[in-house]
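[1] Kindly generate the corresponding structure for this input.
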Amino acid sequence: MEKSRHRIASLDGLRAVSISMVVVGHIFGRSLAHYHANWFEEYLGWLSHYPTFGVDVFFVISGFLITLLLLKEREKTGTISLPNFYVRRAYRILPAAYVVTLLIAVVWHNRVPLRDVLCSLLYVQNFNPNPSWSLGHMWSLAVEEQFYLLWPFLLNRFFRYRYRVVIAAMVMAPVFRAVFGHVGWHHAEATWFPCAMDALATGCLLALLIMEKDINWAAYDRWFLLVLGATLALPQFSYPSGLQPLVILSLQNLGIAFCIQHCIRKKYWILNQTPVVWIGVLSYSIYLCQMPFFQIRDTNVFERLPLNLVCVFAAAIACHYLVERPFLRLRERRARQANMVVESAG
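    Take a look at the predicted model:
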């Protein structure tokens, strides 16, 4: 993730925790599956439940951070520059995603149909009903990109109704999930934007409350461990039909948001240590690169533990330092040049 002189404490550490959930979940859900180990099923099988939970944490963080940046821009300038926002997001998101997508399409061409490549490049993978494993994770990037397209416009155009817009998204998403699940559209229930938007909206609501409301968050600190434990426990249990999409995921998102605001304020030591922050900075590249190396049918040594983990981190480091960072520097150079033009005109 991008660096800033005003980096929010613990946020990269939380990203590191999130990407660790995704990777560890895929290790225990995919890489160890072919061992058919009874001890794994009995004692560690619960770890395979957390990749989607880790993605939900990313969604809440994304909604929170984007809204915070937009509110600060509006507070400073009186408006939100949509072209500037979209250009900055394009520099941040597109180069690494396009490079990784095209490399996966070439290296794993026998596993990835052209449809999946096009859906990934166009950011509509979440609407693809049967994506291949190697590019299936691009559904979450599609959801985020659709959020980037919609939310800044809505916030700018309907600012006085911002709380209504956010709460409407939080209320309607569980309804969409329940309806799609009831009619058997389980892919739509899991990945379509209307069904996933409440995690992002919960992060947006957190940013609105922190920026605009005088809330004594410290008064709720005594509930942190209880909320954290309950939130982490929610993915572990089976619920009666309808309860999971209608209630449980909403409670999970609220619990994630509560934990985010607590960790940002408390600035826990472990979340702000250099190695942890570095993993958080790499988290986007790790997420992009990890899927092809976690195959159930490990056809080569690079898809078997522990070498597949080495490959994931090597690919992520290369992606971050050779693609992400150069484009972020290019973005900052463009911003400085634009500021110089404005200053000279003034």
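
[2] shaky segments in the stretch 1-150 of the chain?
    Where the stretch 1-150 of the chain drops to pLDDT under 70, the residues are 1-6, 29-47.

[3] what do you get if the cut-off is 90, keeping everything else the same?
    Along the stretch 1-150 of the chain, segments meeting pLDDT under 90 span 1-7, 9, 24-51, 109-111.

[4] again with the stretch 201-346 of the chain
    Using pLDDT under 90, the flagged stretches of the stretch 201-346 of the chain are 234-247, 294-308, 333-346.

[5] go again using 50 as the cut-off
    Scanning the stretch 201-346 of the chain for pLDDT under 50 picks out the ranges 341-346.

[6] show me where it has helices.
    224-233, 243, 249-266, 274-290, 307-319, 325-345 (DSSP state H, counting those that start in this stretch).

[7] So which other helices or strands are in contact with the fourth one?
    By that I understand helix 274-290. Here helix 274-290 touches helix 11-26, helix 82-107, helix 307-319, going by 3 or more C-beta pairs under 8 Å, 6 or more residues apart in numbering; DSSP states H and E. In this view, the C-beta of every residue, glycine as well, is placed from N, C-alpha and C.

[8] what angle sits between that helix and helix 82-107?
    Between helix 274-290 and helix 82-107, the angle comes out at 60 degrees (axes from the mean of the first three to the mean of the last three C-alpha atoms, to 10 degrees).

[9] Give me the contacts around helix 274-290.
    The contact list for helix 274-290 (C-beta atoms under 8 Å, 6 or more residues apart in numbering) reads 1, 3, 11-16, 18-20, 22-23, 26, 58, 96-97, 100, 137, 140, 270, 312-313, 315-317, 319-320, 323-324.

[10] Helix 11-26 and that one, what's the angle between them?
    Orientation of helix 274-290 against helix 11-26 (the same axes, to 10 degrees) gives an angle of 50 degrees.

[11] still on that earlier bit, need the winner for burial among the helices and strands packed on helix 274-290.
    Each of the helices and strands packed on helix 274-290 was assessed for mean neighbour count using mean count of other C-beta atoms under 10 Å. The highest is helix 11-26, with a mean of 22.

[12] how big is the angle separating that one from helix 249-266?
    Using the same axes, to 10 degrees: helix 11-26 against helix 249-266 is 140 degrees.

[13] what does helix 11-26 contact?
    Contacts for helix 11-26 (C-beta under 8 Å, 6+ apart): 1, 47-51, 53-55, 57-58, 61, 65, 260, 263-264, 268, 270-273, 276-277, 279-283, 286-287, 290-291, 294, 309, 312.

[14] what do you get if the cut-off is 6 Å, keeping everything else the same?
    47-48, 50-51, 53-54, 57-58, 271-272, 276-277, 279-281, 283, 286, 290, 294 (C-beta atoms under 6 Å, 6 or more residues apart in numbering).

[15] how about that helix as CSV, C-alpha atoms only?
    Extracted in CSV, the C-alpha atoms of helix 11-26 (Å, rounded to 0.1, in the frame of the first residue of the first chain):
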residue,chain,number,x,y,z
LEU,A,11,-3.4,0.5,9.3
ASP,A,12,-0.6,-1.3,7.5
GLY,A,13,-0.3,-3.7,10.4
LEU,A,14,-4.0,-4.4,10.0
ARG,A,15,-3.5,-5.0,6.3
ALA,A,16,-0.7,-7.5,7.3
VAL,A,17,-3.1,-9.3,9.5
SER,A,18,-5.7,-9.4,6.8
ILE,A,19,-3.4,-10.8,4.1
SER,A,20,-2.0,-13.3,6.5
MET,A,21,-5.6,-14.6,7.0
VAL,A,22,-6.0,-14.9,3.3
VAL,A,23,-2.7,-16.7,2.7
VAL,A,24,-2.9,-19.0,5.8
GLY,A,25,-6.5,-19.9,4.9
HIS,A,26,-5.4,-20.9,1.4
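
[16] and it, how far from the chain's centre?
    Offset of helix 11-26 from its chain centre (C-alpha atoms, centre = their mean, to the nearest Å): 10 Å.

[17] Kindly report the same for stretch 147-166.
    20 Å.

[18] same thing with stretch 95-107?
    Worked out by C-alpha atoms, centre = their mean, stretch 95-107 lies 19 Å from the chain centre.

[19] who's in contact with it?
    Under C-beta under 6 Å, 6+ apart, the answer for stretch 95-107 is 112, 117, 120-121, 134, 288-289, 292, 319, 323-324, 327.

[20] Most neighbours among those residues, which one is it?
    Ser120 (28 neighbours; other C-beta atoms under 10 Å).
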